[in-house]
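# Mind folding the following:
(one chain, ligands or ions: 1)
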Amino acid sequence: MRNTKILFIFILFIGGWWLFFTPLYTVPIITYHAIPTNFADTSFKVTLTRFYRQMEFIKNKGYKVISLSDYCQLLRRKEKLPKNLVVITFDDGYKDNLWAVNILKQFNFPATIFLIPNKIDKKNYLSSKDIEWFLNNTKVKIGSHTLTHSYLPQLDDASLIREIKDSKEILEKKFRVNVDTIAYPLGGFDHRVLKTVEGCGYICGVTTNRGLSKNDNIYALKRIKISERDLGIRLWAKLSGFYSVFKRSPKQR
Ligand SMILES: [Zn+2]
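Have a look, this model is predicted:
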């Protein structure tokens, strides 16, 4: 009798846990910035060797990496998502991302690099040639990170449209590819920004750590920042799909 009671409570506990947490699962969209070869001096950088080990972890643990565009199409079609998906993104288009792209190529992983058209071919940023190379030879795609990396909620309507629409058109014309995803600089967005992004033909948009809960708004998908320290259980937690449930709006960048 006592055992039955314990078993009943146990089933209730597991069932409750499962019912409560399963709906909170979201596919992890991870974010990188610069990938230097030397010591990473800030939390926004991950060294190339550590990046390699993180990709190795993703492969060895059996995750399936899909592109942001493909993930957004799945969301739009409201398809049931397997629990082993991971999306990889990079912000700003730093020159050193080229080394990371080579590693992604080795693993045959897709990813999206969010570019600032005004920074392409500038010092420390990817060149047009670099971008053309990876678009033709790897599964890495490009997205918009706006024209000038502005904090969007503060812009007037005309500037807002320029940042969102022109950046898309410039990238599409220059590289002859479809640019259908956007990352908001400094994680900045509001209702007006999301409406404009939708109106300009993007299929989805990503924030930094901040975001609307779950996948309520496909134009404000939360991302998880990956740091140099992330490996083993830390990386596993970030890839679990439940990380955002416990981590709430930290400092923005
Ligand atoms: Zn940025």
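
# Not counting sequence-adjacent ones, nearest residue to Thr148?
Nearest residue to Thr148, sequence neighbours excluded (Cβ to Cβ, 6 or more residues apart in numbering): Asn118, at 5.3 Å. Backbone N, C-alpha and C define where each C-beta goes, glycine included.

# tally of neighbours for that neighbour?
Residue crowding around Asn118 was assessed by other Cβ atoms under 10 Å; the count is 14.

# and it, that one's in a strand?
No: the assignment for Asn118, made by DSSP: H, G, I helix; E, B strand; the rest coil, is helix rather than a strand.

# Is it correct that it is in contact with His145?
No: Asn118 lies out of contact with His145 (Cβ atoms under 8 Å); the separation is 10.1 Å.

# Low-confidence stretches in the protein?
Along the chain, segments meeting pLDDT under 70 span 1-2, 16-21, 40-43, 209-216, 245-253.

# all helices for it, in order.
2-21, 48-60, 68-76, 97-107, 128-137, 157-161, 167-175, 191-199, 232-239, 243-246 (DSSP state H).

# The fourth one relative to helix 128-137, how many degrees between them?
So the one you mean is helix 97-107. Calculated by axes from the mean of the first three to the mean of the last three Cα atoms, to 10 degrees, helix 97-107 forms an angle of 10 degrees with helix 128-137.

# what comes up buried for helix 97-107?
Using 16 or more other Cβ atoms under 10 Å as the test for burial, helix 97-107 gives Asn97, Leu98, Ala100, Val101, Ile103, Leu104.

# Please list the residues of this protein that sit near the ion.
Asp91, Asp92, Pro185 (Cβ under 5 Å from the ion).

# The residue lying closest to Gly232 once chain neighbours are set aside: neighbouring residues, count only.
In space, and not counting its chain neighbours, Gly232 is closest to Phe57: 7.8 Å by Cβ to Cβ, 6+ apart. When counting by other Cβ under 10 Å, one arrives at 16 neighbours for Phe57.

# now do Asp96
21.

# ditto for Tyr151
Neighbourhood size, Tyr151 [other Cβ under 10 Å]: 14.

# Can you verify my assumption that it contacts Leu186?
Yes: the pair Tyr151 / Leu186 is scored as a contact, 5.3 Å apart, by Cβ under 8 Å.

# that older thread, so which of the residues of the chain next to the ion is surrounded by the most neighbours?
Going by other Cβ under 10 Å, Asp91 tops these with 29 neighbours.

# contacting residues around that residue?
By Cβ atoms under 8 Å, 6 or more residues apart in numbering, the contact list for Asp91 reads Thr31, Tyr32, His33, Phe114, His145, Ala183.

# Surely Val179 is in contact with Lys168?
Yes: with contact defined as Cβ under 8 Å, Val179 reaches Lys168; the gap is 4.9 Å.

# I am finished for the moment; much appreciated.
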